[in-house]
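Visitor: Fold the following and give me the result.
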Amino acid sequence: MAQNQQMQGPVSTPERAAGVTRRQLLLGLGGAGLAMGLGVYWWRSQPVAHDHQRLTPARAFAAAQAGEITLIDIRTPLEWRQTGLPVGAIAIDMRRKDFLQALNAAVAGDLAAPVALICARGVRSARMTRVLAGAGHSLIIDVPEGMLGSASGPGWLAGNLPVARWQG
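Guide: Numbering: from 1, shown residues only. Have a look, this model is predicted:
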C-alpha cells in the first residue's frame, strides 16, 4: 500500500497544465478589470484643458454679488440637496435636455454675458466651458475648485463661503 502511494506522485490536471490555476487566472482577470475600471474613472475625473478664464470661489462669489457674472451651479439636484447651493448661484442641472435654453433664459439671451460655471470639483465645469463656447457663448468662466475642492484649491465649502438650502 505504501508502494502505491509513492508511485502516484504529482497529478497533472488540465486546470494546472499551464502552471496557473483557474482561481489564479480568475483573480488575475478580475484585478486587470479593476485596474482598467480605476484607470477609466481617473481619466474621466480629470478636467479638460481649456483657455477660458478661471475664478476662485471667493472671487466668483464677490463677482456674482456685484452683478458682474451669472454664476451657474451645474450639479445635480442630489448634490444641491447634500451641500446646498452657492449663494448667488442659479441651479441648472447640466444633464437637462433643455440646459442651453435654461442658461440662455438666465442671461436673457445675451451670448456675450459673463457666465461662471461651478460643479463639485471642477471637472464638469471645465468640460461645459467648451460646450458653451461651441454653442456661441463668448465669455464662459470656470470655477475649477468647485464646491468640494480639487487640485486647484480647497473649494467653496472649505472657503466658508455662504450656501443656501436648495428648495427643490
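
Visitor: now G134: how far from R127?
Guide: The gap separating G134 from R127 is 11 Å, by C-beta to C-beta, to the nearest Å. Where C-beta positions appear, they are placed from N, C-alpha and C, glycine not excepted.

Visitor: Settle it for me: which of the two has more neighbours?
Guide: It is R127, of G134 and R127, that has more neighbours when counted by other C-beta atoms under 10 Å, with 18 against 8.

Visitor: Could you pull up phi and psi at that one?
Guide: When read as degrees, to the nearest 10, the backbone of R127 gives phi -70, psi -40.

Visitor: Can you classify I72 as helix, strand or coil?
Guide: I72 falls in the strand class when you classify it by DSSP: H, G, I helix; E, B strand; the rest coil.

Visitor: Let me see the confidence value for G153.
Guide: For G153, the model assigns a pLDDT of 92.

Visitor: R44 now?
Guide: The model reports R44 with a pLDDT of 53.

Visitor: Repeat that for R23.
Guide: 81.

Visitor: how far away is G19 from L25?
Guide: Distance, G19 to L25, by C-beta to C-beta: 11 Å.

Visitor: more neighbours, these two?
Guide: Using other C-beta under 10 Å as the criterion, G19 and L25 rank with L25 on top: 12 against 6.

Visitor: check which helix or strand covers R95.
Guide: Using DSSP states H and E, R95 maps to neither a helix nor a strand.

Visitor: Same question for G67.
Guide: Per DSSP H and E, there is no helix or strand for G67.

Visitor: neighbours around it, how many?
Guide: 8.

Visitor: the strands in the protein, which residues?
Guide: Assigned by DSSP state E, the chain shows strands spanning 53-54, 70-73, 85-86, 89-91, 115-118, 140-142, 163-164.
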